[in-house]
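*Asks:* Predicted structure and sequence below. I'll ask about it afterward.
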Amino acid sequence: MSDSKTRTFFITGVSSGFGRALAEAALAEGHKVAGTLRNEQARAEFDALKPGFSFGKLLDVTDNLAIAPVIAEVEADVGPIGVLVNNAGYGHEGLLEESSIDELRRQFEVNVFGPVAVIQAVLPYMRKRRSGHILNITSMGGIMTMPGISFYHGSKFALEGISESLGKEIKSFGIHVTAVEPGGFRTDWAGRSMVRAERSIEDYDEIFEPLRARRLGYNGKQAGDPKKAAAAMLKLIASDNPPAHLLLGRDAINLVREKLGLLKSEFDAWEPVSNSTDFE
C-alpha cells in the first residue's frame, strides 16, 4: 500500500472481537492503529503487535474527561486520525421490568455517551483537515428488535440516529459517517461481554427463558466471521462514496428487511388515520 493511502486509525476496544480483528487487518495493510484498552498488560501486548504501527492507549470511554487528552496525544505522536471506529460496547440482556434504571444508565454510558464523547474529541481535527471517516459499530439491533434486550436496542437505536444526523451535519466537510450494523458474529458479545439481569417475575418465563437459553447456546456458533467483517470495513473505508449504513451478515440483511416490510405494512394500513390529523 502506498504512503498516500495509509491512514491512522483510532479504534476503541481492541482487546477482542471486531475491534481486534479490524486493528489486525488495518495493521496488515500498513495503516497505523491507536487502540484503546482497559489494562496495562493488554496495552503493552497491543504495542508489541507491530511496533511503530500499533499503539495501545489506556482509556475507559465512560471517563469523558480522559478522552480529549488521549486524542491529542495520538494526533501529536502517532499521526492525524483519518478513521475513528467506535467499537467499545457491551450488551445488557434483561427484561425491561426486571432491569434497573442504573443498568439502563450504564448501558447508555458505554454504548452512546462514550462514542459521542470520542467523536466530539476527534471532530475538530477532522474538520480542520476537511477529511475523515467515522465508523460507529451499532448492530442490526439498532434497526430491528427482539424481546429481552430492550436496553441494548435502545442504546443502538440512539447511536443509529446520532450517526445518521451527524453524517448530514459534517458531509460538506468531507467527513463520512457510517453506522456498521452486524448480525450474529463470533465475538464475545453474547459471552463475557454481556451483562445478564437477574430473573424475578415468573410471568415472563415462557417468553424469555427459551430466548436466554438459545442465546447462550448460540454463543461461539454464530455464522459471522469477525475477520471477514474487518475486511468489509476496510473496503468501506477505502470507498470514495461510503454508505450511511452497512449491514454485515446474511441474518442482518434478512431480519432488517423483514422489519422494514412490517413497518411498511403497518404504515400503509394506518395511512388514513395518519393523514387525518392535519388542519383542513
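*Replies:* Structure received.
*Asks:* do you know how far Gly167 is from His31?
*Replies:* 22 Å (Cβ to Cβ, to the nearest Å). Quick note: C-beta positions are derived from backbone N, CA and C, even for glycine.
*Asks:* more neighbours, those two?
*Replies:* Set side by side, Gly167 and His31 give different neighbour counts by other Cβ atoms under 10 Å, the larger being at His31 (23 against 20).
*Asks:* show me what contacts that one?
*Replies:* 1, 6-9, 53, 83 (Cβ atoms under 8 Å, 6 or more residues apart in numbering).
*Asks:* most surrounded residue in those residues?
*Replies:* Phe9 (27 neighbours).
*Asks:* Now Gln222: closest residue in space that isn't a chain neighbour?
*Replies:* Nearest residue to Gln222 in three dimensions, chain neighbours excluded: Gly184, at 3.8 Å (Cβ to Cβ, 6 or more residues apart in numbering).
*Asks:* which phi and psi does the one you found have?
*Replies:* Taking degrees, to the nearest 10, you get phi -80, psi 120 for the backbone angles of Gly184.
*Asks:* State the number of residues packed around it.
*Replies:* As a burial measure, Gly184 scores 22 neighbours (other Cβ under 10 Å).
*Asks:* Check which helices and strands the strand or helix carrying Ile253 is in contact with.
*Replies:* Following DSSP states H and E, one finds Ile253 within helix 250-269. Helices and strands touching helix 250-269, by 3 or more Cβ pairs under 8 Å, 6 or more residues apart in numbering; DSSP states H and E, are strand 175-182.
*Asks:* Sheet partners, orientation included, of the strand it packs on?
*Replies:* If you go by DSSP bridges, strand 175-182 pairs up with strand 132-137 (parallel), strand 245-248 (parallel).
*Asks:* Switch those over to TSV; also include mean neighbour count and distance to Leu263.
*Replies:* Output for the strands paired with strand 175-182, formatted as TSV (neighbours: other Cβ atoms under 10 Å; distance: least, Cβ to Cβ, whole Å):
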stretch	mean neighbour count	distance to Leu263
strand 132-137	26	22
strand 245-248	21	15
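*Asks:* Can I get those strands in TSV including mean pLDDT?
*Replies:* Converted to TSV, the strands paired with strand 175-182 look like this (pLDDT from 0 to 100):
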stretch	mean pLDDT
strand 132-137	98
strand 245-248	98
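*Asks:* re the thing from before, please look at the residue nearest to Gln222 and Gly224 and confirm they touch.
*Replies:* Yes. Using Cβ atoms under 8 Å, Gly184 is in contact with Gly224, at 5.5 Å.
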